[in-house]
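# next comes the sequence, and after it the predicted model I'd like to discuss.
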Amino acid sequence: MCGIVGYTGAKSATEILIGGLSNLEYRGYDSAGISVYGDGKIHTIKVKGRLSCLVERLEADGNPQGSCGIGHTRWATHGEPSDKNSHPHYTEKVTLVHNGIIENYLQIREYLTEKGYAFTSDTDTETAVKLLDFHYKKDPREAIARTLEMLEGSYAFAILFADFPSAIYAVRKDSPLIIGAGEGENFIASDVPAILEHTRNYYLLEEGELAAVTKEAVEIRTLEGKPVEKKLMTANWTLNQAQKSGYPHFMLKEIFEQPRALIDTVHPRVRDGVPDFTADGIPKGFFGRYRRVQLIACGTACHACMVGKNLIEKLARVPCEVDIASEFRYRDPVLEQDTLVVVISQSGETADTLAAMRLVKARGLDTLAIVNVAGSSVAREADYLLHTYAGPEIAVASTKAFSVQIAVLYLMAIAVARDVGKLDAAAAALLTKQLLECIDKVEDVLEFSEPLKDLAPRFTETTSLFYLGRGIDYSLAMEGSLKLKEISYIHSEAYTSGEIKHGTISLITKGVPVVALITQKDLMPKTVSNVKEARSRGGDVIIICKDGFAIDEDLYDHIVRLPAQEDLFMPLLSVVVLQLFAYHIAVARGCDVDKPRNLAKSVTVE
């Protein structure tokens, strides 16, 4: 995934491009570059490294003067991070930036080499710009259309033509791109935060559409040249929401935003004391149509699906399966027509999740998306949409998105159970009340931040750590382990507590940290027994449990006692502690928490 920004207007393009890229750097930070039209030509400056490296280069070499330009922040796919592989890529006639992957770039490179073109980078993008150069005969639209006929893969392109000094051309397939609408100026961006400082109004560019953007107008046509009327949309985020607001990192800010995100997501969907999705376009009794549920997602969202499976099967007794999106298509899944397929994605642009959903739709099954970005590809293409109101999530490691995802799954599980006759109105109302009460307690759990900060330094030299949990706690152990490894770089694994005897216990020796989740009353004796086994091997045990559970002091080195709520809803509380635990350890180790190495916010290539 990469970040794209473009500007055309009357102001300094360089300044606006750098500002926009700083709000998109979560999409990639291996390298950065800009191209600005000025003094009769396009000036391109690009460097390996963070955006700060580009700023330093610009200050040393002099900022290019001009009021039209494009910028890019890169997460490397084809070609290692380097100056030559950085974007923009250009010829004398054409300059472009790209998010996505050109799958047939080797064939195109061979074709263009035969036509006399030489290549200097290792990227797939260079083949696209030179193919565009090859087709360009003074008509940008025709050249772009002919180029796209030959490309296979995914792309969002922002393009400058040397003959059109105040225009940016934009086109996309399987990668996001929006057009920001200002007064006397217009913008292009991969995501809304890039433009919020200047405008909240934007157009969603659809696949098969080509935009010509000048400071006076935004003209969108199909690739065949037919005009397209677009609805002007307004972002409901403020610039303040997309900035740190005094927190040292976006991740910590987003952890502390969870109480509000949960309230915004859940409360509007409770009517007369029970879940109600009619405002989302889902009629009463909807879930009674289906005999089974299929959940599909990647990464953190897949762990939310694991929680959802537990909830749906426990409350509704409806068979529910979870699939990792990147594996789903390739196992030739058996899909029965009475199945509701639920896809979950924070960004709504995760390539594997989108591809899995398209496969399901092609087979005629109903799809429901749980997504945080309402205008995203997954949101637009799903048959039904449940939007999570988490607001912008900038840190690469997902936190509040996970919480609102499982919150929606709680509401959905109660609704499914009621629609299939497993819960009456009174039972559904009681569960909904318990959900709301648990959400109220999330604020209290945030108070563990300082104690966990004090605890974190003891793990700065840790090389390996294990998480244990049974039942629904295992789903949270998986998420806690992922959070730790992705931001602190500590090797971490999660296991169901009973499985450590099947090999893993051989790795637990004196001083090896073991984080045990014990929030389920019925499973507590078994989990405690497993923790004793780890403890007897010298494990450094940290227990996260429900307040009131009787646990011997000699069983642990540290304990976090969560507010006592109903077992079913404890994940909403325990995940906050796991997030804070990972965050403070990563900070203590000196890691770049918001931008962990080799990772980007959402994976828009397979």
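That came through fine. The structure presented is a predicted model; accordingly, all values stated were derived computationally and were not measured.
# which strands and helices sit next to the lowest-mean-pLDDT helix or strand in the chain?
Here the helix or strand of the chain ranked lowest by mean pLDDT, DSSP states H and E is helix 524-536, holding a mean of 82. Here helix 524-536 touches strand 464-469, strand 513-518, strand 540-546, going by 3 or more Cβ pairs under 8 Å, 6 or more residues apart in numbering; DSSP states H and E. Quick note: C-beta positions are derived from backbone N, CA and C, even for glycine.
# ok, residues contacting it?
466, 468-470, 473, 497-498, 500-501, 505, 508, 514, 516-518, 520, 541, 543, 545, 549, 551, 554-556 (Cβ atoms under 8 Å, 6 or more residues apart in numbering).
# got the buried residues for that helix?
Buried residues in helix 524-536, defined by neighbour count with 16 or more other Cβ atoms under 10 Å: M524, T527, V528, N530, V531, E533, A534, R535.
# now do stretch 283-300
F286, F287, Y290, V293, Q294, L295, I296, A297, C298, G299, T300.
# before we move on, what about stretch 201-220?
201-205, 209-215, 218, 220.
# got it, and stretch 268-276?
R269, V270, V274, P275, D276.
# who's the third one bridged to?
Spelled out, that is V274. Taking DSSP bridges as the rule, V274 bridges to R271.
# dump the residue contacts of it.
Contacts of V274 by Cβ under 8 Å, 6+ apart are I414, A415, R418, A425, A428, A429, T432.
# so which of those wins on neighbours?
I414 (28 neighbours; other Cβ atoms under 10 Å).
# coming back round to it: now render the helices and strands packed on helix 524-536 as TSV, adding mean neighbour count.
Shown next, in TSV, are the helices and strands packed on helix 524-536 (neighbours: other Cβ atoms under 10 Å):
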stretch	mean neighbour count
strand 464-469	24
strand 513-518	28
strand 540-546	23
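# which one is V36 nearest to, not counting chain neighbours?
G69 (3.6 Å; Cβ to Cβ, 6 or more residues apart in numbering).
# elements contacting the strand or helix carrying that neighbour?
G69 is part of strand 68-74 when elements are defined by DSSP states H and E. The contact analysis (3+ Cβ pairs under 8 Å, 6+ apart) places strand 68-74 against strand 3-8, helix 13-22, strand 31-38, strand 94-102, strand 153-161.
# JSON lines for these, including mean pLDDT and mean neighbour count?
Shown next, in JSON lines, are those (pLDDT from 0 to 100; neighbours: other Cβ atoms under 10 Å):
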{"stretch": "strand 3-8", "mean pLDDT": "96", "mean neighbour count": "31"}
{"stretch": "helix 13-22", "mean pLDDT": "94", "mean neighbour count": "22"}
{"stretch": "strand 31-38", "mean pLDDT": "95", "mean neighbour count": "27"}
{"stretch": "strand 94-102", "mean pLDDT": "92", "mean neighbour count": "27"}
{"stretch": "strand 153-161", "mean pLDDT": "93", "mean neighbour count": "25"}
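# including distance to E381, could these go into CSV?
Converted to CSV, those look like this (distance: least, Cβ to Cβ, whole Å):
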stretch, distance to E381
strand 3-8, 21
helix 13-22, 27
strand 31-38, 31
strand 94-102, 17
strand 153-161, 15
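# do you know which of the ones you listed lies nearest K483?
Between K483 and those, the shortest gap by Cβ to Cβ is with strand 3-8, which sits at 23.2 Å.
# still on that earlier bit, among the buried residues of stretch 201-220, which ones are in helices?
Under the assignment DSSP state H, these contribute nothing to helices.
# so can I have TSV of those residues showing pLDDT and distance to I144?
Conversion of these to TSV gives the following (pLDDT from 0 to 100; distance: Cβ to Cβ, whole Å):
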residue	pLDDT	distance to I144
N201	95	25
Y202	95	21
Y203	95	18
L204	92	19
L205	94	13
E209	95	11
L210	97	6
A211	97	10
A212	97	10
V213	98	13
T214	97	16
K215	96	20
V218	96	16
I220	97	13
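# among those, name the ones in strands.
By the criterion of DSSP state E, membership of the buried residues of stretch 201-220 in strands covers N201, Y202, Y203, L204, E209, L210, A211, A212, V213, V218, I220.
# follow-up on the earlier one: the residue nearest to V36: how many residues sit nearby?
28.
# from H98, how far out is it?
16 Å (Cβ to Cβ, to the nearest Å).
# just E149 next, same as before
Distance from E149 to H98, by Cβ to Cβ: 17 Å.
# please identify the helix or strand for the residue lying closest to E479 once chain neighbours are set aside.
Using Cβ to Cβ, 6+ apart and skipping the chain neighbours, the partner closest in space to E479 is H303 (4.2 Å). Assigned by DSSP H and E, H303 belongs to helix 299-316.
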